[in-house]
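Student: Sharing a model that was predicted from the sequence below.
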Amino acid sequence: MLLPLAYLLLRASAVGPADAARLLLRPQTLTVVGNSLLLAGLVTLLSFIISLPLAWLTVRSDLPGRQIWSVLAALPLVIPSFVGSYALVAMMGPRGMVQGWLEPLGVARLPSIYGLPGATWALTIFTYPYLFLSIRAGLRNLDPALEEAARSMGYSPWRAFWRVTLPTLRPAITAGAILVSLYVLSDFGAVSILRFNSFTRAIYVQYMSSFDRSLASLLALVLVGIALLLLTAAQRVQGRGRYHRAGVGARRLPRPVALGRWKWLALAYCLTVVVAALVLPTGVIAYWLVRGLRAGESLLPVWQSLANSVQAATLAAIAGITLALPVGYLAVRFPGRYSGWVDRAVYLSNGLPGIVLALSLVFFGANYAPLIYQTLVMLVFAYVVRFLPEAVATVRAGLLQISPRLEEAARSLGLSRRQAILRVTIPLLQPGIWAGFALVFLSTIKELPVTLLLGPAGYSTLATQIWSATGEAFFTRAAAPALILLAVSALSIFLILGQEERAVP
């Protein structure tokens, strides 16, 4: 996980102190830092506002079709930001579809979608699932006895939620918020298309405009520093409180809360989120497909790319969740300086732009691991380096809600530590494990820079097909793999959430 940081330090060491100070202290750099932090803060706040009620409705209420809504709410995560941003501009931009519909009504021009408003909109609807899946896993891990105890003391349902449930969800909320913030800081597609001057755009321009990548590496190191500050702040927000029940009795799933007359309002809320984040972008993509087919455009063969995408994403998700378990266990059960630094180190790569991480692993593979360079092994390794934080975040949040006394009780009955973990902790942790698996799978299946630079020769995925087609303005050819990407992701999430429903409570 520290390979990208080592690469950046090696590159940045070639920059003289005077050049480094001039680059970092110039007004443009400070403006870019401020823009990036503002965008990350807005997107994280809006994602939380969307995700909290959505997760509660799909886990704790009697909302009709809860599992279907869970799948639909998670799917926007799989839409590549550059594809979603293209769709957003085609729909809401100048001379876009909405402008065409409103023109007969006398609306000459819509407000500009470019800049901060458009970037905030696009990144919010495509990243809120990080928080949604994390909070959803936290709610499934939550012991209903906590709320019941609060109610027995005279708390109303609303007061019990704010005073008991929400504070207990703090690890899950923090984990999801960190993932959203780091994703926003590392995203290039949305901010580039929507013309917002963020850190990743500045780094990309510096990389592409000069043969010397040392200054770009210096900017990327500033991004690493921001990521460390965010992780430290998140740890302070979470604090050292306990988020698990004190007893060791059997845990059970909560009884669904009857929505009653609020059921229709809840359905309207879920429908609004799904339409805004999934139906409208998908509708634009489908429109491209239909219009192109009517014009006689040909489609690209996608079946081999589909098989490659599913294979690589599945392997990365399995490897990621396998490695996340010991890291999360170390950080939660053995807190200290060493485990804290291990925990932070995992997240550093997640805050870097994909191109920076990919170039660092190209350097490593070409110089130190030539036997696996540009093989599937190297590609899966790179995916794990990039997306391991997503698995660690959900595993860590889940472990914080599982009392260590359960393992102690199992060991008092004669089980070894390994047996106690496998027979007690892992079954209780299944919601977090499945959520982490889903996050890594969805993120991997749409990953682009790592696949382009580290994939085997001729290795094509759905994401690379979409990128090639949109880069040449063949939107019809991009539409078919994009829709297949959504369909495969929907099926995979449905199966993953089905496993979660059957998890041992």
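Tutor: Done, it's in.
Student: can you point me to the longest helix in this structure?
Tutor: Taking DSSP state H as the criterion, the chain has its longest helix at helix 27-60.
Student: I would like the residues contacting the helix or strand just after that helix, please.
Tutor: Proceeding N to C from helix 27-60, the next assigned helix or strand is helix 66-74, under DSSP states H and E. Residues from elsewhere that reach helix 66-74 (Cβ atoms under 8 Å, 6 or more residues apart in numbering): 54, 57-59, 63, 129, 132-133, 136, 270, 273-274, 277-278, 438, 442, 490, 493-494, 497-498, 501. Heads up, the C-betas are built off the backbone N, CA and C, glycines and all.
Student: starting at the chain centroid, how far to helix 66-74?
Tutor: The chain centre lies 16 Å from the centre of helix 66-74; the measure is Cα atoms, centre = their mean, to the nearest Å.
Student: Same check on stretch 337-354?
Tutor: For stretch 337-354, the distance to the chain centre is 15 Å (Cα atoms, centre = their mean).
Student: Which of the contacts of helix 66-74 fall within helices?
Tutor: 54, 57-59, 129, 132-133, 136, 270, 273-274, 438, 442, 490, 493-494, 497-498, 501.
Student: What number of residues are in the vicinity of the closest residue to Val222 other than its chain neighbours?
Tutor: Distances taken as Cβ to Cβ, 6 or more residues apart in numbering place Leu24 nearest to Val222, at 6.7 Å, with adjacent residues excluded. Counted with other Cβ atoms under 10 Å, residues neighbouring Leu24 total 16.
Student: Equivalent analysis for Arg405, please.
Tutor: 14.
Student: and what of Leu9?
Tutor: Around Leu9 there are 14 residues (other Cβ under 10 Å).
Student: if we can go back for a sec, which helices and strands does the helix or strand where the residue nearest to Val222 lies pack with?
Tutor: Assigned by DSSP H and E, Leu24 belongs to helix 17-25. Applying 3 or more Cβ pairs under 8 Å, 6 or more residues apart in numbering; DSSP states H and E, one finds that helix 17-25 contacts helix 214-238.
Student: Now do the helix it packs on against helix 27-60, angle only.
Tutor: Here the directions of helix 214-238 and helix 27-60 differ by 40 degrees (axes from the mean of the first three to the mean of the last three Cα atoms, to 10 degrees).
Student: ok and helix 214-238 relative to helix 17-25, angle-wise?
Tutor: Going by the same axes, to 10 degrees, helix 214-238 makes 50 degrees with helix 17-25.
Student: Identify each buried residue in helix 214-238, please.
Tutor: Within helix 214-238, the residues scored as buried using 16 or more other Cβ atoms under 10 Å are 214-224, 226-227, 230-231, 234, 238.
Student: That helix packs against which elements?
Tutor: Short answer (3+ Cβ pairs under 8 Å, 6+ apart): helix 214-238 packs on helix 3-12, helix 17-25, helix 27-60, helix 170-186, helix 199-208, helix 337-348, helix 354-368.
Student: what angle do it and helix 337-348 make?
Tutor: In terms of direction (the same axes, to 10 degrees), helix 214-238 departs from helix 337-348 by 120 degrees.
Student: How far does helix 214-238 sit from its chain's centre?
Tutor: Distance, centroid of helix 214-238 to centroid of chain: 18 Å (Cα atoms, centre = their mean).
Student: Arg60 - how many residues pack around it?
Tutor: 22.
Student: before we move on, what about Leu371?
Tutor: Leu371 has 8 nearby residues by other Cβ under 10 Å.
Student: Same check on Ser412?
Tutor: 11.
Student: And it, how close does it get to Val424?
Tutor: 12 Å (Cβ to Cβ, to the nearest Å).
Student: for Pro335, helix, strand, or coil?
Tutor: Three-state call for Pro335 (DSSP: H, G, I helix; E, B strand; the rest coil): coil.
Student: which residues touch the residue sitting nearest the centre point of the chain?
Tutor: Note on the chain: the residue nearest the mean C-alpha position is Tyr130, at 4.4 Å, using Cα atoms, centre = their mean. Each residue near Tyr130 by Cβ under 8 Å, 6+ apart is listed here: 47, 77, 176, 179-180, 183, 390, 439.
Student: Not counting residues beside it along the chain, what's closest to it?
Tutor: Computed as Cβ to Cβ, 6+ apart, the closest residue to Tyr130 that is not its neighbour in sequence is Leu179, at 4.2 Å.
Student: between whichever strand or helix holds Ala317 and helix 170-186, how many degrees?
Tutor: Applying DSSP H and E as the criterion places Ala317 in helix 303-333. Orientation note: helix 303-333 sits at an angle of 130 degrees relative to helix 170-186 (the same axes, to 10 degrees).
Student: List the buried residues for helix 303-333?
Tutor: 305-306, 308-310, 312-317, 319-321, 323-325, 327-332.
Student: That one - contacts with which helices or strands?
Tutor: Using 3+ Cβ pairs under 8 Å, 6+ apart: helix 303-333 touches helix 337-348, helix 376-400, helix 430-445, helix 462-471, helix 475-501.
Student: helices or strands next to the shortest one in the packing?
Tutor: What that stands for is helix 462-471. helix 81-92, helix 303-333, helix 449-454, helix 475-501.
Student: where does the stretch 401-505 of the chain have low pLDDT?
Tutor: Along the stretch 401-505 of the chain, the model assigns pLDDT under 70 to residues 470-473, 497-505.
Student: The residue nearest to Val222 reaches Leu221, doesn't it?
Tutor: No: contact status for Leu24 versus Leu221: not in contact, 9.6 Å apart, counting by Cβ atoms under 8 Å.
Student: list the residues that contact both of these two?
Tutor: Here Leu24 and Leu221 have no joint contacts, going by Cβ under 8 Å, 6+ apart.
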